[in-house]
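Enquirer: Quick one, structure for this:
(chains A and B)
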Amino acid sequence: MIEYDFSAIEKKWQDFWVNNKIFKAEDFSDKPKYYVLDMFPYPSGSGLHVGHPEGYTATDILCRYKRMRGFNVLHPMGWDAFGLPAEQYAIETGTHPKITTEKNISTFKKQIQALGFSYDWDREINTTDEKYYKWTQWIFIQLYNKGLAYIDEVAVNWCPALGTVLANEEVIDGKSERGGHPVIRKPMKQWMLKITAYAERLLSDLEDLDWSEGIKEMQRNWIGKSTGAEVDFKVDGHDAEITVYTTRPDTLFGATYMVLSPEHKLVERITTPAQSAAIDAYRREAALKSDLDRTELNTEKTGVFTGAYAINPVNGKKIPIWIADYVLASYGTGAIMAVPSHDTRDFEFATKFDIPVICIIDPNAKDAAAENINVADVLAGKACWTGNGKMINSANEAGLDINGMEVTQSKAATIKWLEERGIGKGAVNYKLRDWLFSRQRYWGEPFPVIHMEDGSIRLVDEKDLPLTLPEMKEFKPSGTGESPLANAGEWLDYVDPETGMKGRRETNTMPQWAGSCWYYLRYIDPDNNSQAFDLEKEKYWMPVDLYVGGAEHAVLHLLYSRFWHKVLYDLGIVSTKEPFQRLVNQGMILGISYKDSRGALVPNDLVKHTPEGPVHMQTGEKLEEFPAKMSKSLKNVVNPDDVISEYGADSMRLYEMFMGPLEATKPWNTKGVEGVFRFLRRAWRMVAESEISDRKMDAEELRTLHATMKKVTEDLETMGFNTAISQLMVFVNEFSKCETLPREAAEKFVIMLSPFAPHIGEELWRILGKDDTIAYEPWPEFNEEFLKVDEVEILIQLVGKPKTRMMMPSDIDQKGMENLALANDEVKAAIAGKTVRKIICVPGRLVNIVAN
RNA sequence: GCCUGGAUGGCGGAAUCGGCAGACGCAACGGACUUAAAAUCCGUUGUCCGUAAGGACGUGAGGGUUCAAGUCCCUCUCCAGGUACCA
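Expert: Numbering: from 1, shown residues only, chains lettered A, B, ... in the order given. Predicted coordinates for the structure are as follows:
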């Protein structure tokens, strides 16, 4: 008999799968299709961490299960390989990003293959491959032709000292992350994508998706739809109007001032000479601050009076116009009417600058009490009330009277009045902004764009794609804020072959999101050189049936790719409105960390384990164990390679799934790997090192087998991997007690184990005398018949408390249960002298006797 | 602040429709095997009281509904993720 030698077994079957293309997905098969997608990784230099294989293992188990269920499964993998780290490494070492990327991909691929995932490697894609980004560029051209791509002056984080533009996350407290140099806002010409044109569809189509409510809610918040009205205010003494957006048109009578964002285009025109110096100073200061700074310093409201007044259209009153950076240029119209009595921000501002507060809503007394707000204070303008109530002081002589109305009603009435007079209209607004689509980097897709001498923009002809990145030796920033491509020499030059007009190529590149926006479509037809993908194949495979990945992509990646997908849908080249039908986010895996009594973190290499618990190696102080994000500084990072070499890939996979529910955050505990490893060894011994017999199973064995088939099947359908594994453990615990193992039980168990631990599954299948792969064996069907028992243990409760247990026939009716229970000696003794009020019988479970 | 999750033994977690809380695994303890150890196997293990039989308590806290609540309702606390002057 052979020992369980995981390293030999795993190598053997991984080679077998790859060499025989066991997991090749077939286009247009008669079988039902099932498309399972993993979020493809950025192949970083540090290799795989234990978080990656969590989602990958879950999808792999499901794919293997679905194949056994007769599905034609598409399960591909690829590389999201453009990105900053390779470029930074290039700046430091001169190594071309292409070389770094290739090296990292090969490490990642080796690590992923060592886990035995059943990917169809013939469909591997790489976003930095010019055969791939040719089509990313092609999609950009389609976006441009549809009017969804435009150039705009947008402020970027410009760091003069580094001579480069920084991403938001590279700026900390207004300083560059590296070096701590000052960062300022500098307007630059940038490509924008008009995602806002799709805001409504991105919102409403969420409805039919099988995603967790949490993720849908995050997307809804990000899109941020609000309904209200736009209202025009005349400026006193000027031939000008200011349009404001408000969600509370009903509060117009309470508007006592108006605020423009510092960037508002009317500010210069309306500012009075006396105020202009102060206004200029304030605007200059605001321009230097990033949006982030503006919101971080949100403690004190600031602002300056322009000297001008607006006319409140409902009552003709003159109200002062201020500028303040709490009003953002990018939302709504960049101007607000301020109602300090019923908006907390306006109230703070008005209090600070002594602006009148006029109450126009009499608060609902109960609501006010619940929030500890004094109604008299609100009515006197000394407190702010944002809740419900009845309108007061809200009528004019021009036919608007909303006094006494509740909020919704008064809103509608006001909008109607404004619309009739042409001074306002109902309006909808979204927080969602257009997508800043250019980066000042080398390592990204070049835009297929030429800026011509005469100022026009020309797109590269589709037949001339891909526009490849030029070979360069230096990847340093250009120093002007442009991408390193500004130094690309001849590559930049373009001459129109017919007119001879000169042009210069776009030097921006696309962001990392671009390649990941449509990769799921390329897997469908990865080698197509005449189309992004074949339309018939797309119809066959789409949509993605299950998409699994980390929650960190909940908003941006998923929103951006949904947007591109809808554009492609409108172009008629994809057949579904949405790309990802079902989405599951795997939880984070935490490492074990330690802290001392003061709560200070202690790196794991300074911790000594004693029988009394962990202590500090140097001070001997007792430490407390707790889960924390894996990080280099805490030295609590678990490397999958180490786990695999010690316990094998099957144990690694099994443990990742056994830890807890896929979507939960859970701490890694290497002792737990040992536990599942022991289970696999027990399973090995049970099948490979004990006698397999053709004897008939007894009723109890049949029940265990069929209960296991039922539980594992149902748990796979709901992705309850941890409980499926525990049932397989129960099976092994039961059948290990048998002298000989019935052949049927052995075979069905090995089939059920194989999606979770495929290497040992294949090997045990061989040992059971089979000579084909187990990957396409039909999944075993359980039979409810065998789950039946003649007698069940019924709990007898007395007034809801467990009293005793007794056996009863399993098909007994409620009356029979009652009779048997009352005939029980213990029950008789317990209810002696008491009156039975009520008896509740739950078949198969319990009898509850209410007596006193 | 707001939105979304969550809180169950020493630890990770389990518990269809409200129906025996703690499956399965880890750790710990006891035993068998062994010269010994490892490995393996068998057993114990929610807490408290009790020699025992047995009893009381127990799913973040408090209240409620019910014959019966981890599960349903109300109030609160804490933790995680997201978001942040969005008018």
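Enquirer: Only C-alpha atoms from now on, for both contacts and neighbour counts.
Expert: Fine.
Enquirer: Domain map for chain A?
Expert: A:1-24+A:638-788, A:25-129+A:516-586, A:143-220+A:435-505, A:225-430, A:589-637, A:789-851 (automatic domain parsing).
Enquirer: what does the stretch 501-650 of chain A put close to RNA strand B?
Expert: By the rule Cα under 7 Å from any atom of the strand, the part of the stretch 501-650 of chain A lying against RNA strand B is A:551-552.
Enquirer: Indicate the residue of chain A located nearest to RNA strand B.
Expert: residue A:246 (2.7 Å; Cα to the nearest atom of the strand).
Enquirer: Settle this for me: that residue is touching residue A:229, isn't it.
Expert: Yes - in this structure, residue A:246 is within contact of residue A:229 by Cα atoms under 8 Å, at 5.5 Å.
Enquirer: If you count neighbours, what's buried in whichever strand or helix holds residue A:91?
Expert: When secondary structure is defined by DSSP states H and E, residue A:91 falls within helix A:84-93. Residues of helix A:84-93 classed as buried by neighbour count (16 or more other Cα atoms under 10 Å): A:84-91.
Enquirer: Let me know the pLDDT of residue A:526.
Expert: Residue A:526 carries a pLDDT value of 97.
Enquirer: likewise residue A:388?
Expert: pLDDT, residue A:388: 85.
Enquirer: Distance check, it against residue A:566.
Expert: 39 Å (Cα to Cα, to the nearest Å).
Enquirer: Ok, residue A:773 next?
Expert: 41 Å.
Enquirer: Same question for residue A:763.
Expert: 46 Å.
Enquirer: Just give the nearest non-adjacent residue to residue A:522, would you?
Expert: residue A:533 (6.0 Å; Cα to Cα, 6 or more residues apart in numbering).
Enquirer: Could you do residue A:722 as well?
Expert: residue A:658 (4.2 Å).
Enquirer: Just confirm residue A:535 contacts residue A:572, I think it does.
Expert: No - using Cα under 8 Å, residue A:535 is not in contact with residue A:572, being 9.3 Å away.
Enquirer: Tally up the residues packed near residue A:424, please.
Expert: Neighbours of residue A:424 under the rule other Cα atoms under 10 Å: 23.
Enquirer: Pull the contacting residues for the closest residue to it other than its chain neighbours.
Expert: In space, and not counting its chain neighbours, residue A:424 is closest to residue A:231: 4.2 Å by Cα to Cα, 6+ apart. Going by Cα atoms under 8 Å, 6 or more residues apart in numbering, residue A:231 touches A:243-246, A:418, A:423-425.
Enquirer: which SSE is residue A:231 in?
Expert: strand A:225-235.
Enquirer: who's in contact with the spatially closest residue to residue A:446 that is not a sequence neighbour?
Expert: Of all residues not flanking residue A:446 in the chain, residue A:509 sits nearest, at 4.6 Å (Cα to Cα, 6+ apart). If a contact means Cα under 8 Å, 6+ apart, then residue A:509 has A:438-447, A:483 as its contacts.
Enquirer: JSON lines please, covering the residues you listed and showing distance to residue A:355.
Expert: Conversion of those to JSON lines gives the following (distance: Cα to Cα, whole Å):
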{"residue": "A:438", "distance to residue A:355": "43"}
{"residue": "A:439", "distance to residue A:355": "44"}
{"residue": "A:440", "distance to residue A:355": "46"}
{"residue": "A:441", "distance to residue A:355": "49"}
{"residue": "A:442", "distance to residue A:355": "52"}
{"residue": "A:443", "distance to residue A:355": "53"}
{"residue": "A:444", "distance to residue A:355": "52"}
{"residue": "A:445", "distance to residue A:355": "53"}
{"residue": "A:446", "distance to residue A:355": "53"}
{"residue": "A:447", "distance to residue A:355": "51"}
{"residue": "A:483", "distance to residue A:355": "48"}
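Enquirer: So which of the residues you listed reach RNA strand B?
Expert: Of the contacts of residue A:509, not one also sits near RNA strand B (Cα under 7 Å from any atom of the strand).
Enquirer: Mind checking which of those residues are buried?
Expert: If we count by 16+ other Cα under 10 Å, these have these buried: A:438-447, A:483.
Enquirer: As a markdown table, the contacts of residue A:509 with secondary structure would be great.
Expert: Shown next, in a markdown table, are the contacts of residue A:509 (DSSP: H, G, I helix; E, B strand; the rest coil):
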| residue | secondary structure |
| --- | --- |
| A:438 | coil |
| A:439 | strand |
| A:440 | coil |
| A:441 | coil |
| A:442 | coil |
| A:443 | coil |
| A:444 | coil |
| A:445 | coil |
| A:446 | strand |
| A:447 | coil |
| A:483 | coil |
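Enquirer: Surely the residue nearest to residue A:722 touches residue A:720?
Expert: No - checked against Cα under 8 Å, the pair residue A:658 and residue A:720 is beyond contact range at 9.5 Å.
Enquirer: residues contacting the closest residue in space to residue A:347 that isn't next to it in sequence?
Expert: Nearest residue to residue A:347, sequence neighbours excluded (Cα to Cα, 6+ apart): residue A:340, at 3.9 Å. Contacts of residue A:340 were listed using Cα under 8 Å, 6+ apart, and they are A:254-256, A:346-350, A:357-358, A:384.
Enquirer: Buried only: go through those for me.
Expert: If we count by 16+ other Cα under 10 Å, these have these buried: A:254-256, A:346-350, A:357-358, A:384.
Enquirer: Which pLDDT value belongs to residue A:833?
Expert: For residue A:833, pLDDT reads 78.
Enquirer: Need phi/psi at it.
Expert: phi 80, psi 0 (degrees, to the nearest 10).
Enquirer: Ok, residue A:741 next?
Expert: phi -100, psi 120.
Enquirer: So in terms of bridging, what pairs with it?
Expert: Beta-bridge partners for residue A:741, by DSSP bridges, are residue A:692.
Enquirer: And for it, the neighbour number?
Expert: Count around residue A:741 with other Cα under 10 Å applied: 20.
Enquirer: and what of residue A:284?
Expert: 12.
Enquirer: What lies in contact with stretch A:352-359?
Expert: A:254-257, A:301, A:339-342, A:347, A:350, A:378-382, A:392-393.
Enquirer: What about the residues you listed, which are in helices?
Expert: Secondary structure from DSSP state H places A:347, A:350, A:378-379 of the contacts of stretch A:352-359 in helices.
Enquirer: a markdown table please, covering those and showing pLDDT.
Expert: Below are the ones in helices among the contacts of stretch A:352-359 laid out as a markdown table (pLDDT from 0 to 100):
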| residue | pLDDT |
| --- | --- |
| A:347 | 93 |
| A:350 | 93 |
| A:378 | 91 |
| A:379 | 92 |
